[in-house]
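Colleague: Here is my input; please provide its structure:
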Amino acid sequence: MRHSTIRQLEVFEAIARLNSFTRAAEELFLTQPTVSMQIKKLTDDIGLPLFEQVGKKIYLTEAGKELYQTCQGIFEHFSRFEMIVSDMKGLKSGKLRLVAVTTAKYFIPRLLGMFCQQYPGIDVSLQVTNRERVLERLADNRDDLYIMGQVPDTMDAVAEVFLDNPLVVLASADHPLVNQKNISIDRLCDEFFIMREPGSGTRMATESLFTERNKKLKVRMELGSNEAIKQAIVGRLGIAVLSRHTLALDGSTGQLAELDVEGFPLKRHWYFAYPAGKQLSIVAKTFLEYLRQANDCLEDLSCRHAITGHCPLLKSGTDVQSDD
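Modeller: Below you'll find the predicted structure:
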């Protein structure tokens with residue numbers, strides 16, 4: 001397999017890990033024909049099939065299993081090499097690979113602004129995706145740092161709080177409950193709710209609160225993105241519990257209102273996480289220290305600055321890759 005390329009191995013590893021040509025193409029930002037072509041070339045070079053298809057599912061052959069283990073070792077060595085080179089160069093250059101859940105897209109790109117200004121030679125990659133894929137990438141140690149609202153206790157990872165993430169009840173600006181004070185949970189149960197998909201951190205927190213009160217939510221619909229939920233709220237299809245950060249980009253439009261509900265806002269937090277035992281690069285360590293030192297401004301970010309956008313820390317952004 002002397003003619004095989006690193007790109008072909010990256011494509012193969014993604015397919016083997018995700019058990020899907022389609023999802024591998026999405027993750028690598030390639031077309032499916034390109035992915036299939038790369039695998040065909042790799043298979044021809046090795047001389048043995050790497051995958052077998054049973055029904056609609058694909059499975060690794062024995063050769064595929066061996067190659068998958070080899071790929072993991074190769075990429076781990078490359079990761080260590082990148083870290084060594086980054087440390088040798090200091091902070092004049094290097095890479096920072098971040099992955100965040102979809103709700104974090106409302107503040108993470110702006111949060112990166114001052115960091116990028118301080119260290120212009122750092123190449124920052126930010127991928128925004130759903131919680132399930134963030135946890136998959138964390139388990140596979142694919143990136144430097146992961147940003148999410150909750151880290152499962154069952155996952156062997158280091159996690160640290162860096163920002164409050166208050167969850168609030170949102171309604172259309174002309175909703176009858178907008179001007180009422182200390183609305184009871186009982187009253188809220190009369191309203192239709194618009195929810196994120198099962199597994200969403202926000203949904204789990206909301207359902208937990210209502211379960212503790214022995215109450216049942218009236219779910220009218222499930223939507224896969226916060227933006228779609230906000231549009232449904234404006235369309236008077238129901239109310240929703242969302243992070244206050246989701247108001248960051250449109251808090252001044254006046255179409256949404258935060259309801260005054262007992263027990264809200266729910267106190268949640270944003271965490272950065274990485275696999276236990278992982279050796280962070282000097283770039284990743286510097287970014288974590290930057291978050292810790294910026295704590296005062298970050299606290300402002302979770303309240304009024306999240307809506308007005310006037311936080312002095314947030315003056316520029318970075319490219320975001322999102323499947324939301």
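Colleague: Neighbours of His175, how many?
Modeller: 18 (other Cβ atoms under 10 Å). Bear in mind the C-beta positions are built from the backbone N, C-alpha and C, glycine included.
Colleague: any idea how far it is from Ile183?
Modeller: 11 Å (Cβ to Cβ, to the nearest Å).
Colleague: shared neighbours, these two?
Modeller: Both His175 and Ile183 are in contact with Leu259, where contact means Cβ atoms under 8 Å, 6 or more residues apart in numbering.
Colleague: Thr154 - how many residues pack around it?
Modeller: 6.
Colleague: Can you classify it by secondary structure?
Modeller: Three-state assignment for Thr154 (DSSP: H, G, I helix; E, B strand; the rest coil): coil.
Colleague: Could you pull up the contacting residues of the closest residue to Leu42 other than its chain neighbours?
Modeller: Nearest residue to Leu42 in three dimensions, chain neighbours excluded: Gln8, at 4.4 Å (Cβ to Cβ, 6 or more residues apart in numbering). Shown in contact with Gln8 (Cβ under 8 Å, 6+ apart): Gln38, Ile39, Lys41, Leu42.
Colleague: I'd like the next helix or strand past the helix or strand hosting Gln8.
Modeller: Here Gln8 sits within helix 6-18, counting by DSSP states H and E. Counting by DSSP H and E, the next helix or strand C-terminal to helix 6-18 is helix 21-28.
Colleague: just how off-centre is that next one within its chain?
Modeller: Here the centre of helix 21-28 is set off from its chain's centre by 17 Å, with Cα atoms, centre = their mean, to the nearest Å.
Colleague: Please work out the average pLDDT along that helix.
Modeller: For helix 21-28, mean pLDDT is 89.
Colleague: I'd like to know which helix or strand in the chain has the lowest mean pLDDT.
Modeller: When each helix and strand of the chain is scored by mean pLDDT, DSSP states H and E, helix 304-308 comes last, with a mean of 37.
Colleague: Return the backbone torsion pair for the spatially most distant residue from the centre of the chain.
Modeller: Distance from the C-alpha centroid of the chain peaks at Gly47, with 38.4 Å (Cα atoms, centre = their mean). Phi and psi for Gly47, reported as degrees, to the nearest 10, are phi 90, psi 10.
Colleague: how near is the residue nearest to Leu42 to Leu50?
Modeller: Distance from Gln8 to Leu50, by Cβ to Cβ: 11 Å.
Colleague: One more: Ser36?
Modeller: In terms of Cβ to Cβ, Ser36 sits 12 Å off from Leu50.
Colleague: Looking at the two, which one has more neighbours?
Modeller: Leu50 (21 against 15).
Colleague: shaky segments in the protein?
Modeller: For the chain, the stretches with pLDDT under 70 are 1-4, 83, 86-93, 248-253, 294-324.
Colleague: got the residue ranges for the strands in it?
Modeller: 51-54, 57-60, 94-101, 122-129, 145-148, 157-164, 167-172, 192-195, 218-222, 240-243, 256-258, 269-275, 320-322 (DSSP state E).
Colleague: Which among those strands is found nearest to Phe21?
Modeller: Nearest of the strands of the chain to Phe21, taken as Cβ to Cβ: strand 57-60 at 7.4 Å.
Colleague: What are the structural domain limits within the protein?
Modeller: Structurally, the chain divides into domains by automatic domain parsing as follows: 6-72, 90-164+269-322, 167-258.
Colleague: Just give me the neighbour total for Arg142.
Modeller: Arg142: 19 neighbours (other Cβ under 10 Å).
Colleague: show me what contacts it?
Modeller: Arg97, Val99.
Colleague: likewise Met155?
Modeller: Going by Cβ under 8 Å, 6+ apart, Met155 touches Leu135, Leu138, Ala139.
Colleague: Could you verify my assumption that the second one touches Leu145?
Modeller: No: here Leu138 lies out of contact with Leu145, judged by Cβ atoms under 8 Å, at a distance of 9.5 Å.
Colleague: Identify the contacts common to those two.
Modeller: Val99, Ala273, Tyr274.
Colleague: what's the top helix by length along the chain packed up against?
Modeller: When the chain is parsed with DSSP state H, its longest helix is helix 62-89. In terms of contacts (3 or more Cβ pairs under 8 Å, 6 or more residues apart in numbering; DSSP states H and E), helix 62-89 is packed against helix 6-18, strand 94-101, helix 282-293.
Colleague: Quickly compare the ones you listed and say which is most buried.
Modeller: Ranked by mean neighbour count, the helices and strands packed on helix 62-89 are led by strand 94-101 with a mean of 22 (mean count of other Cβ atoms under 10 Å).
Colleague: what's next to that one, contact-wise?
Modeller: Outside strand 94-101, the residues that touch it by Cβ under 8 Å, 6+ apart are 82, 85-86, 108, 112, 121-131, 134, 137-138, 142-149, 201, 281-284, 287.
Colleague: Which neighbours in the sheet does that strand have, and how are they oriented?
Modeller: Strand pairing for strand 94-101, using DSSP bridges, gives strand 122-129 (parallel), strand 145-148 (parallel).
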